[in-house]
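Chemist: Generate a structure from the sequence data that follows.
(one chain, ligands or ions: 1)
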Amino acid sequence: MAPIKVFTAPTPNAHKIVAALEELGLEYEVQPVAIFQGEQFSDEYKKVNPTGRIPAIIDEDGPGGEPITVCETGAILLYLVQKTGKLLPTDPRKRCEALQWLFAVVTGIAISVREFAHYTMFAAEMCADPYPTQRYVGETERVLAVLEEHLKDGKEYIAGGEFSIVDIAMYVWVAAMIQRRGKIQSSKTGEEYVNITAWAQKLARNHPSFDKAVAACEPPPP
Ligand SMILES: N[C@@H](CCC(=O)N[C@@H](CS)C(=O)NCC(=O)O)C(=O)O
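Modeler: Residues are numbered from 1 along each chain as shown. Model (predicted):
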């Protein structure tokens, strides 16, 4: 069976998909896309993902044994669940809870964290107006406080009481923040988010897939 081709760059969104493939034990082959050189907008890549974003996957053994291309991390994660029947609770209530969190992470929390990083780190000197920075710092603060409260009492997983694609989708952003800032903390008070930290540390210890994903997405040497 042909390995799943996964289009990557060294970013949390790519780590998310490679970590899921690792967790599921699916064979995959990484196809790096040089997003800082604009390769995501090449005619060739736009045949894979017309929106010019990584990651994307091509599974030669898709539904009905036919090839399928899937873009958007939420859709890719759900495709992998559909393919394997793993990494999402099967109990209907737990599944609903997990899907609710998945969409909150992919469409909301991840965007806040990404824009927070953009305005405080990558574009810090390019934006004279304080509004975007204030908005994303404030929004990131708000959503991380919600997650911090949710993970209290030593909760091991975000949803449904089991490890799922929701933990994978959130972990990659938390890990990126911890890597860049040393710890995950409130920008207002400087206080560490202890519940998020404990959840992330436990995941990192028990799931080597995350480190493997980061290594697999490293850009090829020039
Ligand atoms: N909603 C998309 C977001 C993907 C995304 O933002 N990818 C970034 C890398 S993390 C990208 O391709 N950036 C290239 C660019 O902005 O031109 C998803 O979840 O797949």
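Chemist: CA atoms for contacts and neighbours, from now on please.
Modeler: Noted.
Chemist: can you map out the helices along this protein?
Modeler: Assigned by DSSP state H, the chain shows helices spanning 12-24, 43-48, 73-84, 92-104, 110-117, 131-150, 165-181, 194-206, 209-216.
Chemist: How about the longest one, which residues are buried there?
Modeler: Spelled out, it's helix 131-150. 132-133, 136-141, 143-145, 147-148, 150 (16 or more other CA atoms under 10 Å).
Chemist: Off-centre distance for the worst-scoring helix or strand of the chain on mean pLDDT?
Modeler: Least confident element among the helices and strands of the chain, by mean pLDDT, DSSP states H and E: helix 110-117 (a mean of 89). Relative to its chain's centre, helix 110-117 lies at 12 Å (CA atoms, centre = their mean, to the nearest Å).
Chemist: got any ranges where this protein has weak pLDDT?
Modeler: Within the chain, not a single segment meets pLDDT under 70.
Chemist: residues from it in reach of the ligand?
Modeler: Taking CA under 6 Å from any ligand atom as the criterion, the chain approaches the ligand at residues 11-13, 35, 53-55, 72-74.
Chemist: Same list (those residues) but as a markdown table, adding neighbour count.
Modeler: As requested, the residues of the chain next to the ligand are exported to a markdown table (neighbours: other CA atoms under 10 Å):
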| residue | neighbour count |
| --- | --- |
| Thr11 | 17 |
| Pro12 | 24 |
| Asn13 | 23 |
| Ile35 | 16 |
| Arg53 | 21 |
| Ile54 | 24 |
| Pro55 | 28 |
| Glu72 | 17 |
| Thr73 | 19 |
| Gly74 | 21 |
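Chemist: if I look at the residue of the chain most remote from its centre, how far off is Gly52?
Modeler: No residue in the chain sits farther from the centre than Ala128, which is 29.5 Å out by CA atoms, centre = their mean. Applying CA to CA, to the nearest Å, the value for Ala128 to Gly52 is 28 Å.
Chemist: what's around the residue lying closest to Ile184 once chain neighbours are set aside, how many residues?
Modeler: Excluding its sequence neighbours, the residue lying closest to Ile184 (CA to CA, 6 or more residues apart in numbering) is Ile178, at 5.4 Å. Neighbour count for Ile178, taken as other CA atoms under 10 Å: 15.
Chemist: Now for the residues of the chain next to the ligand: which two are most distant?
Modeler: Greatest spatial distance among the residues of the chain next to the ligand (CA to CA): Ile35 and Gly74, at 20.0 Å.
Chemist: From Asn206, how far out is Glu23?
Modeler: Separation of Glu23 from Asn206 (CA to CA): 11 Å.
Chemist: ok, those two, which is more surrounded?
Modeler: Ranked by neighbour count (other CA under 10 Å), Glu23 and Asn206 place Glu23 first, with 18 against 10.
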